[in-house]
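Colleague: Take this sequence and fold it.
(2 chains)
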Amino acid sequence: MNEKKTFWQHLQAWVNGEEAILHADEYIKKREQPHQKRWIKKPNMQRIKENKGLYWFLCVLVSLVFITIMLLVVSHLPTFGQPINPTNNEVMERYLEKGIEETGAINFVAGMILDYRAFDTFGESNVLFLAVISVLILLKRDKKNINAREDRETEEDERFDRSDHKSILKIGAKYLSPVVILYGIYVVLNGHLSPGGGFSGGSIIGAGLILYAAANGHEAMRRFFTFKTFTLISVGCLLTYCGCKSYSFFTGANHVGYEIPKGIPGNILSSGFILPLNICVGLIVACTMYGFYALFTKGDM
Amino acid sequence: MREIIAAIFIIAGILVFIVALLGIYRLKYVMNRMHAAALGDTMGLGLVTIGLMILGKDVFHVAKYILIVLFFWMSSPIASHMIGKVEMLTNKDYDERVHGK
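Modeller: Okay, the predicted model is just below:
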């Protein structure tokens, strides 16, 4: 076989679909393995254990810095309970007089917590997400958090669950849980028009999910709600919230002057960002409720 | 006149609730307590909602109260059933406690 092919021969071979590289087998044997770059470095536990003292020191230092900042802020606040404080006259009057005009929400509470004080609500949603994550760290059943006795007990429980038909509960949940979830969706979507909103509606949706899971078991729940869905919904909602509110804060603070259309107060599609933010908060709360239930009963989602 | 009839119904319902509450505190065993608690869920709630229905302004008010009662009367027996079942299956002294000896 000719060692060196001409260009024309190469082209012919390529068109006919024959070998593209000479001595392909040898080349595959000899070639170097592509060097895999590891993007996430595994922390070296040995080194962390050796430097334990340094970590203690850093923890105390960070906490002390934060405590000092907080205390300095507190010392600049006006004294609590004075009649001339702005919270006792100006803020309340402003909310009551210009609330509908500025937020577009008939429900004042929704206007306050999702428009004037939206940053505070963002922190609350983050707290809920963090709570589920910490419970997950403590209670998740994986290789390192299991022993033989617990394993046997869960197996017994599962066998008991399967032999138990729970027909009354199943029929009840079949008729009740869709109604409960539907009512929760109504409360979330009507949050800016009537009492309710993200937190209360979300907890109703979570109760509906818990009822369904208690009746039909975790296997039926896992068909549409796994840990992946939980992370996707929670992180997606938090990012949407963050994006919406950063947009309005930046444009508002820099006097860019682009206003989100408020719509007619009283319509379902009105009051700017309050409706999407309500939906985000509701989804996060529903996921949190169901997540707690699933983690405390099964140790898995 | 309407208000007086409504008030009579609501007060009667609240009295039933008080009886149910006393029963829950006085009785010591799960099954007995369930029996007392069911009183409030059925008769107390029914009387209070009848009083509120009389005070209601239009049809939709009344319809909402009917939905509330329907929801409670569907969910409360199921919950009692589950509590009783779990007590029967998990309590080792069940026969001794319920049937005596």
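
Colleague: List the residues that contact the residue nearest the centre of chain A.
Modeller: By Cα atoms, centre = their mean, chain A has its centre lying nearest to residue A:234, at 1.9 Å. Residues in contact with residue A:234, defined by Cβ atoms under 8 Å, 6 or more residues apart in numbering or on different chains, are A:129, A:132, A:283-284, A:287-288. Every residue, glycine included, has its C-beta placed from N, CA and C.

Colleague: for the chain, what spans make up the helices?
Modeller: Assuming you mean chain A. A:7-16, A:24-30, A:45-50, A:52-76, A:90-103, A:108-111, A:118-139, A:148-163, A:167-189, A:198-221, A:227-253, A:274-297 (DSSP state H).

Colleague: meant chain B, my bad for not saying
Modeller: Counting by DSSP H, the helices of chain B are B:2-26, B:30-39, B:45-55, B:59-90, B:94-95.

Colleague: if we compare the ones you listed, which one ends up closest to chain A?
Modeller: Closest to chain A of these, according to Cβ to the nearest Cβ: helix B:59-90, at 4.1 Å.

Colleague: Could you list every helix and strand in contact with that closest one?
Modeller: In this structure, helix B:59-90 makes packing contacts with helix A:167-189, helix B:30-39, helix B:45-55, judged by 3 or more Cβ pairs under 8 Å, 6 or more residues apart in numbering or on different chains; DSSP states H and E.

Colleague: which of the ones you listed has the lowest average pLDDT?
Modeller: Mean pLDDT per stretch puts helix B:30-39 lowest among those, at a mean of 87.

Colleague: Around chain B, pick out the residues from chain A.
Modeller: A:168-169, A:172, A:175-176, A:179 (Cβ under 8 Å from any Cβ of the partner chain).

Colleague: hmm, try it at 7 Å
Modeller: Within reach of chain B by Cβ under 7 Å from any Cβ of the partner chain, chain A has these residues: A:168-169, A:172, A:176.

Colleague: Centroid-nearest residue for chain B?
Modeller: Closest to where the C-alpha atoms of chain B average out (Cα atoms, centre = their mean) is residue B:41, at 1.5 Å.

Colleague: That residue touches residue B:76, doesn't it?
Modeller: Yes: at 4.3 Å, residue B:41 counts as touching residue B:76 under the criterion of Cβ atoms under 7 Å.

Colleague: one step back: most packed of the helices of chain A?
Modeller: helix A:274-297 (a mean of 22; mean count of other Cβ atoms under 10 Å in any protein chain shown).

Colleague: ok, residue A:144 to chain B distance?
Modeller: Distance check for residue A:144 against chain B: by Cβ to the nearest Cβ, to the nearest Å, it reads 30 Å.

Colleague: just to revisit the earlier point, in JSON lines, list the residues of chain A next to chain B along with distance to residue A:83.
Modeller: Shown next, in JSON lines, are the residues of chain A next to chain B (distance: Cβ to Cβ, whole Å):
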{"residue": "A:168", "distance to residue A:83": "60"}
{"residue": "A:169", "distance to residue A:83": "57"}
{"residue": "A:172", "distance to residue A:83": "55"}
{"residue": "A:176", "distance to residue A:83": "51"}
